Structures are given as structure tokens and as C-alpha cells.
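S.K.: Could you look at this predicted model? Sequence included:
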Amino acid sequence: MIAVDSPLAAYRAAAEAHDVPAMLACMAPEVVLKSPITDRFAFSGHPQMRDLLEDVHAVIDDVRYVADAGDDRTRLLALEGRVGRQRLDEAMLVTLDDDGLITHMQLFIRPLPGLTAMAAALGPRVAGRHSRTRAFAVRAMIAPLAFMTRHGEGVGSRLAAP
């Protein structure tokens, strides 16, 4: 269920419209996003978030928020989207400050082929902001995993289904 009067209504609308400046306006200057892909680093502050959001919107399509629940300090958003042909679901735990600005974001993505498709599309873009060599290396590491999960999910789920 979508809460119309949610403190995150403006953020949701901006995200669905791929409006990065409007999304940043909903964030505190020191905002921190914990990556759903790795726990080795986080994205911090408006400059890093701007770059990340531009990259995210370049690879994810058909974003639609399906739930927004919580209180004035902690919210849980759920959304659906697509990376290429791969569907994904995302849950985002959001912490807000006294002014209603986002201070922390933690993302959880499913199913596994959706997560690996996101990593394979997004990782090289993020690494590419440093160098083409880094982008190539990240692509070489993640692409086989995305391939295996995309093609192995059907067989694996049939073998493991109750």
C-alpha cells in the first residue's frame, strides 16, 4: 500500500520520474547509502549519490513503488523495476532526520537474477567513473555470475521446489 501523505512521497515521485536533482533535494547533505551488492563501501553525500543515481537510472527501467510504510523517522519502501529483460523487486529501509530528509538508505534486491543483473549493469558504470580498466575488470568479474544466475534459476528452482 502506498502512503499518500508519506514523508517520502516527493522522493518516490522524483525516483519514478528519474529526476535526480529532485531526489537529491529529499536527502540530507551527509546521506549514506549501503550498497545492496557489497558491504565493502557505501555511497556518501550528494556528489556520490548524484553519480550513483545517474548510473542507476541509466540501467533500471519501469520503476514503480508498490509500498511505503513506517513512521516519521523510519520508512520501508518497496518497488518493482527491470534491468534489461530481468525483473527485480527492491526493499529500501530509509532513515529520516528531524527535517524529513533522508540520512540513511539500505537496499535489498530479489530475486538473485535481478540482483546480479543490476550488479552487472551498474558495477561497470560505477567503476568506469574511475577508469575504463576498472570498468572492464568489474564487468569481467560480474558478468559470469549474472549469466549463471539468469540461466540457472529455472533449473535450480525446479530441482529445489517443494
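M.R.: Received it, and whenever you're ready, just let me know what you need.
S.K.: May I have the phi/psi pair for residue 26?
M.R.: Main-chain torsions, residue 26, degrees, to the nearest 10: phi -90, psi 0.
S.K.: er, residue 31 I mean
M.R.: Phi and psi for residue 31, reported as degrees, to the nearest 10, are phi -50, psi 140.
S.K.: That one: what's it in contact with?
M.R.: 44-46, 49, 101-105 (CB atoms under 8 Å, 6 or more residues apart in numbering). No exception for glycine: its C-beta is placed from N, CA and C like everyone else's.
S.K.: Would you format the residues you listed as TSV with distance to residue 88, secondary structure and neighbour count included?
M.R.: Shown next, in TSV, are the contacts of residue 31 (distance: CB to CB, whole Å; DSSP: H, G, I helix; E, B strand; the rest coil; neighbours: other CB atoms under 10 Å):
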residue	distance to residue 88	secondary structure	neighbour count
44	24	strand	13
45	26	helix	13
46	26	helix	15
49	20	helix	22
101	26	coil	17
102	21	strand	23
103	25	strand	17
104	22	strand	17
105	16	strand	21
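S.K.: What residues of stretch 124-143 count as buried?
M.R.: By neighbour count on 16 or more other CB atoms under 10 Å, the buried set for stretch 124-143 is 124-128, 135, 138-139, 142-143.
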